[in-house]
Structure formats: structure tokens, C-alpha cells
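*Asks:* Build the 3D model from these lines:
(one chain, ligands or ions: 2)
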Amino acid sequence: MFKYSSKPRVFQAQLLSIINKRCVAQLSIPNTPSSLKNETNLTFMKNSKEWDLLRASLTKFNDNTSLQIPLVINGEKIYSDETRPTLSHFNPAKHSQELATVTQANPIDVTNAIKTSMSAKKDWLKTPWVDRASIFLKAAELISTKYRYDLLAATILGQGKNIFQAEIDSIAELNDFYRYNVKYAKELYSTQPIETSSGVWNRAEYRPLEGFVYAVTPFNFTAIAGNLVGAPALMGNTVVWKPSPHSILSNYLLYEILEEAGLPKGVVNFLPGDAELITNEVINDENFSALHFTGSTSVFKNLFSTIGQNINKDVYKDFPRIVGETGGKNFHLIHKSASVVHSSLSTLRGAFEYQGQKCSATSRLYLSESISNQFLKNLTENLNTIVPHNCSISEGLNSFMGPVIHKQSYEKLVSKIEQAKEDPDLEIIYGGKYDSKDGFFIQPTIIESNKIDHPYFSEEFFGPILVVYKYKDKDYEKVINIIDKTSKYGLTGSIFSKDREAIRTAEEKLRYSAGNFYINDKCTGAVVGQQWFGGSRMSGTNDKSGSANILSRFVSVRNVKENFQEINDYRYPSNY
Ligand SMILES: NC(=O)c1ccc[n+]([C@@H]2O[C@H](COP(=O)([O-])OP(=O)(O)OC[C@H]3O[C@@H](n4cnc5c(N)ncnc54)[C@H](O)[C@@H]3O)[C@@H](O)[C@H]2O)c1
Ligand SMILES: N[C@@H](CCC=O)C(=O)O
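*Replies:* Ligands and ions are numbered 1, 2, ... in the order given. Predicted structure coming up:
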């Protein structure tokens, strides 16, 4: 045991060393590594070394290997038994390939995960920021190197992505979140009160929230799941993570990577299972401090209002933070002055990359009549070059499009296509085929409407269906006003034009129509650290993932005023 020396000088040195250690542990905010940059994307050119490495990872998940995925509570892996059924996770491109059987949490598991989150919090809260940050930087390094190809393979097979889409998501965006969040956290911690009277020290302490955070994550981005869990955990919170059943393969691998990177037991508790059952237990708990959600608007509205009702019933100790990014009905507005080739190819990418399953995907197109023929000719000629949509993902990894995620989505999209065929105001001008023999494939489809206010311009389909309206050039401003009012969402949108005045008009009038507004670029593909992401209106709380702002939602600031002066009279000068 440590003994203090009786010699004053040695004692003083020992004391200083203890104080210094504490200061390093709790107060010092070192510079973040200068190497923190956006991850470099690999290109996967034919015959490249990275192709071989990816192929090797893909073969790990062959037809006869179905992974057993457990729950993880306090670091303990819990597998299915008579109280915990399993759910299968299939490759959306190949019904016959079961990728995993997933243990489903029961109500007692949920209670245990909450209890664990609360107890693990005591140590995690005191863990110095540099250590918390290092764990996420280490995870990013593991993702970049040791697990790159496994995580890509899991995202490709489980979520139906092609290589490029898997790379920009599960490697680049995920790592960018983990690295930039560290930079942003440092910025936040360094933001301190700007005024101090003499004899006083004012300090801001960025406490994690008092209870636990509930992260409910979507299927479509491995990176988003990683960030919904990682951002609050970095700030000292503990998390109950309910992953999507349709991205469980990549999500579980990510959980294991975080563990290998040094994340202590109980900081993140991995809880696959019935969404309503788990949510019901979690959001009725008095220690529920925040919801970190990404998914559909309808689910978020439901959760938001239940939390509101619970506040009224005094269920919680705190007002829970509610952070949610949800749906979109994103637009491309093509002005007569736009470059036809650039704007049509950007529209192809925006609408059909990852089968239109990005919240940011282009789903409504307003096209200047005078350039519409050329535009649509170029768009459809290029669509014709896309490898046939029903190729199996294992053969068509390098193809531009793959399957939609599940039966429910497939059936919804098919019904939208079939309804369009019957609707006198709609005409399918490209695509319209579908096929679910092997996997859930929908052909890229363009539907022209002769009504600018047709409901197809306001409802989110979340698939490869683009609705187009051709407007008369003279109606440009009128159309802008309609774009603004057509949909309840406000996520992303683009103006394509070479005319500065036309751009200025759109930028001004569409101020609240999109949280991410693009000029002469597609409305997808925000990069962490470059384009902060999120929308308002019914697209979410717009807390901007990929920025420092979102981290501030997961701290509850304590202001500490320390006074070094003493008073010797209670009266003010005016009392004399
Ligand atoms: N704005 C953004 O940043 C962003 C990003 C990605 C996806 N999205 C949106 O997400 C949607 C697609 O993702 P999805 O299909 O995974 O969404 P979803 O709403 O079906 O599911 C999201 C999560 O909520 C869970 N969930 C479903 N029903 C629930 C319930 N009743 N109670 C509690 N949890 C429930 C799911 O299991 C999943 O974990 C689209 O609407 C898309 O626009 C938005
Ligand atoms: N950050 C992505 C959106 C993810 C939503 O699904 C983009 O900007 O396309």
C-alpha cells in the first residue's frame, strides 16, 4: 500500500505527483491526433488485392454457415433457450441463404440490460475522456484494417449493398463518425464560460446524462447504427442498443469490434428482439434519459408521443432527450440552364444507388420542360446499362444495384408500381418490373405524373421509384413554392442550374424544405465532417449527425463557480 513519507520535501513531491495524475486523468484535454481525416475509400478495381481479400471474407458466410447471434448484457453473451426464441436473418438477394439466427431478448433481459447500463455507468462516467476517445479511435483502426473485409462482407450480404455502397457506409462513414466525434468532443469540452470576475473560476462540466441512452438503429447504414451507439457512449453514457433485425450481421460484428477495442462490459448492451416489447420496457423505465433513433417517421412519432405521455405521468427523473432522424421525400429541381448530362447522371445516382434506400434518396424530380427530352433520354440510356436487376448479389457484387431489404418493402414497392399502372394521372416511363424468385429485386422505375400535387410526390416509398413532373420554364418560381409545400418532410434537396439568380431564388425559397441543400450535386452522400446531416419538419430533430452539435444532446452541463474571495460584511454599498 502507498505510504506517505514523513520528510516534507518528499511528501510534497508525492502529493504533486498524485495531483498531476488526477489532473491528467480528469481535466487535461490533449490535442486529438492530427491524422484524423476522412477515411480513404478503396476502389476495388478488377483484379485488385482488395477484391481477393473481400472474396475471402465473403466465403466465410457460405450457404451452410448460419451464425448464432446472442444478446450481450454486461459483456455476457446470452444464447437462445426456451424463453428466448430466435429469428433468422436472410440475405435479401438470396432467400435460400440464412446468414444468422438471432437470439431475441425477453422482458427480463431488457430489465437486466437497463440495470447493467446503470451500474456500468458509475465507472464509465469517471473514465477519462482520453481513454473513452482512444477506444473509439482503436475501433476505427480495427475497422480500417483487421475487420475491413469482414464488415464489408457482412454489410454486402446482410443489407444488400454493392461494394461501393458498403465501403462508403460500413468503412468510411463509420470510421469518420468515430474519428470526427473525438475531434468534436474535444471542441465541446473546451468550450467554457467566456467571462470570469476576479477571484472566481467558472467552469463547465460536460456530464453524461444521469440515466441511460436507448439507441434504436435502422437497417440501411451500418455507420448510422455505429454512430447512434458510439456518440452517446463517447460522451460517457451507457447504452441499450436495439439493432434492426435486417442489419444484424454487420451490427453484431461491430459490437464485437467495439469490445475488442476495449469498450468495458456493460457500456453498450446489445439487445436484438421484438421492437415493441423491448421499447415498452425501456421507455417506461425511470432512468431512461435519451432516445437516439434513426428510422421511419411513423415509428419515431409513436415513440415521441409515448415519451411525452410518460413525462406527464411523472415516469422519469429527467426530461428525456429525444434525438431522431427519420424519413424524407427528397427533390431534385432541374432548371432549364442545368447541364443535362451532369444533372441526369446525378439524378440516376441520387435515386437508384442502394436501390433508393437512403433517407436522402432522390424521390421526386421537377424537370424543366425545355430540357426534359434530352434529360430523360440520357437518364434512361444510362439506366439501360445497369446490370440486369435480378442478378444474384454474389455474382453481381460490382453491379450498380441489388435487392431491396425485405418482403414488406418489396410488397409495398410492387403495390406502388401496380397502382401507378391503374392511375390515369401516372405513367411508368421506365422500369416497372420486379422479381422475388431468388431475392427482392425491383427494377429502377420512373413514373411521370401530370399532376404536380399527386400523392406520389409526398409519400416516402424508400425504394428505387422516382416520380417526375415536367414544368413549364416560365413556372420555375411557382414550382419552387409547390416543392416547399408538397411534402411533410424536410430532409434533402438539390437545385441544378448554371443561372445564379435561379440558384439564389431556390436557396432562399426552399430554406426550410431541406436540412441538407445541394447546389449542382445529388442530394445523397453527405460526408461526416463535411456536410452535417439531418432534416427538420417531419424528417427529424435535425441535430446534425457528423457535427459537434449532436454530442451536446448527450451531455447535461453542470456549471461550477468557485470563489476564492471571502466577504466580511453582508451589506452592499447602497445599504450604508
Ligand atoms: N434521416 C436519417 O438520417 C435517416 C437515415 C437512415 C434511415 N432513415 C429512415 O429510416 C427508414 C428506413 O429504416 P428502417 O426500415 O430500419 O426503419 P424502421 O422505422 O422500420 O426501423 C427503425 C428501427 O426502429 C425499430 N422499430 C420498428 N418498429 C418499432 C416500434 N413499434 N417501436 C420501437 N422500435 C421500432 C426497428 O426494429 C429498427 O430498429 C426510412 O424511413 C428512412 O428514411 C432516416
Ligand atoms: N448520410 C447519408 C444518408 C443516410 C441515410 O440513410 C447520405 O447523405 O446519403
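
*Asks:* Quick check on Val102: phi, psi?
*Replies:* Note on Val102: backbone dihedrals following degrees, to the nearest 10 are phi -120, psi 130.

*Asks:* Quick check: it touching His89?
*Replies:* Yes. At 5.8 Å, Val102 and His89 qualify as touching, with contact defined as Cβ atoms under 8 Å. Heads up, the C-betas are built off the backbone N, CA and C, glycines and all.

*Asks:* what residues are shared contacts of those two?
*Replies:* Jointly contacting Val102 and His89 under the rule Cβ atoms under 8 Å, 6 or more residues apart in numbering are Ile69, Pro245, Ile248.

*Asks:* tally of neighbours for the closest residue to ligand 1 within the chain?
*Replies:* For the chain and ligand 1, the shortest gap (Cβ to the nearest ligand atom) falls at Gly295, measuring 2.6 Å. Neighbours of Gly295 under the rule other Cβ atoms under 10 Å: 23.

*Asks:* Ok, Ser368 next?
*Replies:* Neighbour number of Ser368 under other Cβ under 10 Å is 25.

*Asks:* Contact partners for it?
*Replies:* Counting by Cβ under 8 Å, 6+ apart, Ser368 has contacts Ile334, His335, Lys336, Ala338, Lys470, Tyr471, Asp473, Tyr476.

*Asks:* Ok, Ile386 next?
*Replies:* Taking Cβ under 8 Å, 6+ apart, we find Ile386 in contact with Phe352, Ser399, Phe400, Met401, Pro444.

*Asks:* close enough to count as contact, Gln374 and Ala338?
*Replies:* No. In terms of Cβ under 8 Å, Gln374 does not count as a neighbour of Ala338; the distance is 10.5 Å.

*Asks:* out of those two, which sits in the busier spot?
*Replies:* Ala338 (24 against 12).

*Asks:* Tell me how far that one lies from Arg500.
*Replies:* Separation of Ala338 from Arg500 (Cβ to Cβ, to the nearest Å): 13 Å.

*Asks:* tell me the phi and psi of the residue nearest the centre of the chain?
*Replies:* The residue lying closest to the centre of the chain (Cα atoms, centre = their mean) is Ile224, at 2.5 Å. Note on Ile224: its backbone torsions stand at phi -70, psi -40 [degrees, to the nearest 10].

*Asks:* which residue sits closest to it in space, ignoring its chain neighbours?
*Replies:* Nearest non-adjacent residue to Ile224, counting by Cβ to Cβ, 6 or more residues apart in numbering: Thr294, 5.2 Å away.

*Asks:* Bridge partners for that neighbour, pull those for me.
*Replies:* Glu325 (DSSP bridges).

*Asks:* Now do the same contact list for it.
*Replies:* Thr294 neighbours (Cβ under 8 Å, 6+ apart): Val216, Thr217, Pro218, Phe221, Ile224, Leu228, Gly324, Glu325, Thr326, Cys359.

*Asks:* Among the residues you listed, which one has the most neighbours?
*Replies:* Neighbour max across the contacts of Thr294 (other Cβ under 10 Å) = Leu228, 32 neighbours.

*Asks:* Chain neighbours aside, what residue packs nearest to the residue of the stretch 51-200 of the chain found nearest ligand 2?
*Replies:* The stretch 51-200 of the chain approaches ligand 2 most closely through Glu173 (6.6 Å), counting by Cβ to the nearest ligand atom. Once flanking residues are discounted, Glu173 sits nearest to Ala223: 3.6 Å by Cβ to Cβ, 6+ apart.

*Asks:* Using the three-state scheme, assign the one you found.
*Replies:* helix (DSSP: H, G, I helix; E, B strand; the rest coil).

*Asks:* need the next SSE after the lowest-mean-pLDDT helix or strand in the chain, C-terminal direction.
*Replies:* Least confident helix or strand of the chain, by mean pLDDT, DSSP states H and E, is helix 8-26 with a mean of 42. Once helix 8-26 ends, the next helix or strand along the chain (criterion: DSSP states H and E) is helix 49-60.

*Asks:* Identify the bridge partners of Trp330.
*Replies:* Residue 330: Asn, not Trp. Assigned bridge partners for Asn330, using DSSP bridges, are Thr362.

*Asks:* number of nearby residues for it?
*Replies:* 31.

*Asks:* How about the one 3 residues further on?
*Replies:* Residue crowding around Leu333 was assessed by other Cβ under 10 Å; the count is 25.

*Asks:* Surely it and Ile503 touch.
*Replies:* No. Between Leu333 and Ile503 there is no contact under Cβ under 8 Å: 10.1 Å.

*Asks:* Residues that sit against both of these two, list them.
*Replies:* Ile495.

*Asks:* is any part of stretch 402-415 close to ligand 1?
*Replies:* No. In terms of Cβ under 6 Å from any ligand atom, no part of stretch 402-415 sits within range of ligand 1; the closest distance is 6.9 Å.

*Asks:* List, one by one, the residues from the stretch 351-500 of the chain near ligand 1.
*Replies:* Near ligand 1, when you scan the stretch 351-500 of the chain using Cβ under 6 Å from any ligand atom, you find Cys359, Glu460, Phe462, Leu491.

*Asks:* quick one: contacts for the second one?
*Replies:* Contact criterion Cβ under 8 Å, 6+ apart gives Ser296, Thr297, Gly327, Gly328, Lys329, Ser363, Tyr489 as the residues in contact with Glu460.
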